[in-house]
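**Q** Sequence first, predicted coordinates after that:
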Amino acid sequence: MVLKLHGLSVSTNTARVVACLHEKDVDFELVPVDLFARGNKEPSFLAKNPFGQIPVLEDGGITLFESRAITSYVAEKFKETGTDLIRHESFDEAALVKVWTEVESQQYHPAICPIIYEFFGKPVQGLEPDQAVIDANLEKLEKVLNVYEAKLSSTKYLAGDFYSLADLHHFPYTFYFMKTTWGSVISDRPHVKAWWDDITSRPALKKVAEGMTFGENQ
Amino acid sequence: MATSVKVYGPPISTAVSRVLACLHEKEVPYQLIPVNMAKGEHKKPEYLKIQPFGQVPAFEDEGFALFESRSICRYICEKYAKQGNKGLYGENPLAKASIDQWIEAESHGFGPPSSVLVFQLAFAPRMKLKQDQGAIRQNGEKLKKVLDVYEERLGESRFLAGDEFTLADLSHLPNTHYLVNSTDMGELFTERDNVGRWWSEISSRESWQKVVEMQKPA
């Protein structure tokens, strides 16, 4: 039975799951959710995700929401195929992957998400981006990237010398971020830039990127 | 008995208390090592070696260092799977996925607004800092929306991920405790029947009561 992923290929959080599915060579069906027609607030959708957000994964009898819980589930269920994203054969490495997926979640995401919202999300609603919010979050983001620069000078990827879910989770928001005017905070840091260039050259991430066309051809 | 598990940070820290509650549930002995944050100990080089973001908690088990409270909790549950509360992080992949989903919901939905309110209402006055009424209002509204979803969910199942207490419920203890006991936002929880019932159950657990004792001034 094929996995069903409810979401949109342009959505960052959907792309996070799609990237994971590609890395694991897992077949799935993308079921579009029409956010503009508020399809995510329909009772039938709220029954799947009471928070009314995409993505949602359906795998046989189980329905899951929250992209990082979904990637964790997929990486574990299909741990024997595709790329090993969770280092399931080494307890210590697996623990380090968990640390750095939390870092993305708790340190990186809160700083980068508002910038993406101001730059991409506001204009489609006819609103002006708030530069003060952008500036404040750029400052936060740079502090986080300083820690990353130091870490990535001692290990090739975030959790160690191996690519993992921790690196993958950074892809969607950073991909859109690099289309803003502030991409230099990534490219001016040599180890961060090398890491970003490396992970974005992965076939799985190149494939996801093809669908991430938000902001183009409006 | 020598114990290999070390937790760094003050028990009044919400993130530290999350880890302590988990250690209590899993009946894992540990050493609590104070970090003098008033004196900036958490920003000193020796501390930054074990927590590069300069935050608490930091954690060590047999010399292996981890940080980020939610990843520490998951690690504890997996390493000490056979002792204490065995079902805390699920005993099969589907249970675990459901728990992860609600930990993510706590992390991204409940956590951000409740953390702002805890800081503004419980800590800022103690630290003689000016409160931001706008932030209090805005985050109060966000938290209400989240708790409306919880109210429905907890009418369908006894705890967030199912009918047993899990890491998903535990993750909510630290912030909710402050909101209910140290601010006037407690009503948001107690005036919702199902959320109120759930809070009463989870906060009366021995594992949490022990943490509350540790948070009291010496």
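**A** Done, it's in.

**Q** Check the offset of the least confident helix or strand in chain A by mean pLDDT from the chain's centre.
**A** Ranked by mean pLDDT, DSSP states H and E, the weakest helix or strand in chain A is helix A:122-124, scoring a mean of 92. Averaging C-alpha positions (CA atoms, centre = their mean, to the nearest Å) puts helix A:122-124 21 Å from its chain's average.

**Q** Looking at the longest helix along chain A now, give me its mean pLDDT.
**A** As assigned by DSSP state H, the longest helix anywhere in chain A is helix A:131-151. The pLDDT scores in helix A:131-151 average 98.

**Q** Likewise for stretch B:116-130?
**A** 94.

**Q** Show the end-to-end separation of that stretch, please.
**A** 13 Å (CA to CA, to the nearest Å).

**Q** coming back round to it: kindly spell out which helices and strands sit in contact with the helix or strand just after the longest helix of chain A.
**A** For helix A:131-151, the following helix or strand on the C-terminal side (DSSP states H and E) is helix A:165-168. Helices and strands touching helix A:165-168, by 3 or more CB pairs under 8 Å, 6 or more residues apart in numbering or on different chains; DSSP states H and E, are helix A:12-23, helix A:67-77, helix A:91-103, helix A:190-200. The way it works is simple: take the backbone N, C-alpha and C, and place the C-beta from them, glycine included.

**Q** Any residues of chain A in contact with chain B? List them.
**A** By CB under 8 Å from any CB of the partner chain, the residues of chain A that approach chain B are A:50-51, A:62, A:64-70, A:72-73, A:76-77, A:91-92, A:95-96, A:98-99, A:101-103, A:105-107, A:110, A:144, A:147, A:150-151.

**Q** could you flag which of those are buried?
**A** Neighbour-count burial (16 or more other CB atoms under 10 Å in any protein chain shown) applied to the residues of chain A next to chain B gives A:50-51, A:64-70, A:72-73, A:76-77, A:95-96, A:98-99, A:101-103, A:105-107, A:110, A:144, A:147, A:151.

**Q** Point out where chain A drops to low pLDDT.
**A** A:217-218 (pLDDT under 70).

**Q** repeat that with 50
**A** For chain A, applying pLDDT under 50 flags the ranges A:218.

**Q** Which residue is most remote from the mean position of it?
**A** Going by CA atoms, centre = their mean, the residue of chain A most distant from its centre is A:Pro43, 26.6 Å out.

**Q** can you map out the strands along chain B?
**A** Using DSSP state E, the strands assigned to chain B run over residues B:5-8, B:31-33, B:58-61, B:64-67.

**Q** Now A:Thr63: which helix or strand?
**A** Counting by DSSP H and E, A:Thr63 is part of strand A:62-65.

**Q** no no, A:Leu5
**A** Assigned by DSSP H and E, A:Leu5 belongs to strand A:3-7.

**Q** and that strand, what other elements does it pack with?
**A** Against strand A:3-7 (3+ CB pairs under 8 Å, 6+ apart) you get helix A:12-23, strand A:28-32, strand A:56-59.

**Q** Just the angle for that strand relative to helix A:67-77, thanks.
**A** Here strand A:3-7 runs at an angle of 160 degrees relative to helix A:67-77 (axes from the mean of the first three to the mean of the last three CA atoms, to 10 degrees).

**Q** List of residues touching strand A:3-7?
**A** Residues from elsewhere that reach strand A:3-7 (CB atoms under 8 Å, 6 or more residues apart in numbering or on different chains): A:13-14, A:17-18, A:21, A:26-33, A:45, A:48, A:54-59.

**Q** What's the PyMOL syntax to select whichever of these are buried?
**A** The following PyMOL line selects those of the contacts of strand A:3-7 that are buried, judged by 16+ other CB under 10 Å:
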select buried, chain A and resi 13+14+17+18+21+26+28+30+33+45+48+54+55+56+57+58+59
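
**Q** list the contacts for residue 123?
**A** You didn't say which chain, so I picked chain A. By CB under 8 Å, 6+ apart, the neighbours of A:Pro123 are A:Pro129.

**Q** Switch to chain B, please.
**A** So B:Phe123 contacts B:Leu129 (CB under 8 Å, 6+ apart).

**Q** avg pLDDT for the longest helix along chain B?
**A** Secondary structure of chain B per DSSP H: the longest helix is helix B:133-156. Model confidence over helix B:133-156, given as mean pLDDT, is 98.

**Q** Then stretch B:25-42?
**A** According to the model, stretch B:25-42 has a mean pLDDT of 96.

**Q** close to chain A, is that stretch?
**A** No - for stretch B:25-42, no contact with chain A is found by CB under 8 Å from any CB; the gap never falls below 13.9 Å.

**Q** Buried by neighbour count: which residues of that stretch qualify?
**A** Buried, per 16+ other CB under 10 Å, within stretch B:25-42: B:25-26, B:28, B:30, B:32, B:35, B:37, B:42.

**Q** tell me which of these is nearest to A:Val185?
**A** B:His42 (24.8 Å; CB to CB).

**Q** The closest one and A:His109, how far apart?
**A** According to CB to CB, to the nearest Å, B:His42 and A:His109 sit 22 Å apart.

**Q** do the same with A:Ile116
**A** Distance of A:Ile116 to A:His109, given as CB to CB: 10 Å.

**Q** shared neighbours, the two?
**A** Contacts common to A:Ile116 and A:His109, judged by CB under 8 Å, 6+ apart, are A:Tyr173.

**Q** Using CSV, list the CA coordinates for stretch A:87-95.
**A** C-alpha atoms of stretch A:87-95 as CSV (Å, rounded to 0.1, in the frame of the first residue of the first chain):
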residue,chain,number,x,y,z
ARG,A,87,22.5,5.9,12.2
HIS,A,88,20.4,3.0,13.5
GLU,A,89,23.4,0.7,14.0
SER,A,90,25.2,3.1,16.4
PHE,A,91,23.5,4.1,19.5
ASP,A,92,25.9,7.0,20.1
GLU,A,93,25.6,8.3,16.6
ALA,A,94,21.9,8.0,16.7
ALA,A,95,21.8,10.1,19.9
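
**Q** List the contacts of the closest residue to A:Phe65 other than its chain neighbours.
**A** Nearest residue to A:Phe65 in three dimensions, chain neighbours excluded: A:Asn49, at 3.9 Å (CB to CB, 6 or more residues apart in numbering or on different chains). Residues touching A:Asn49, when contacts are defined by CB under 8 Å, 6+ apart, comprise A:40, A:56, A:65.
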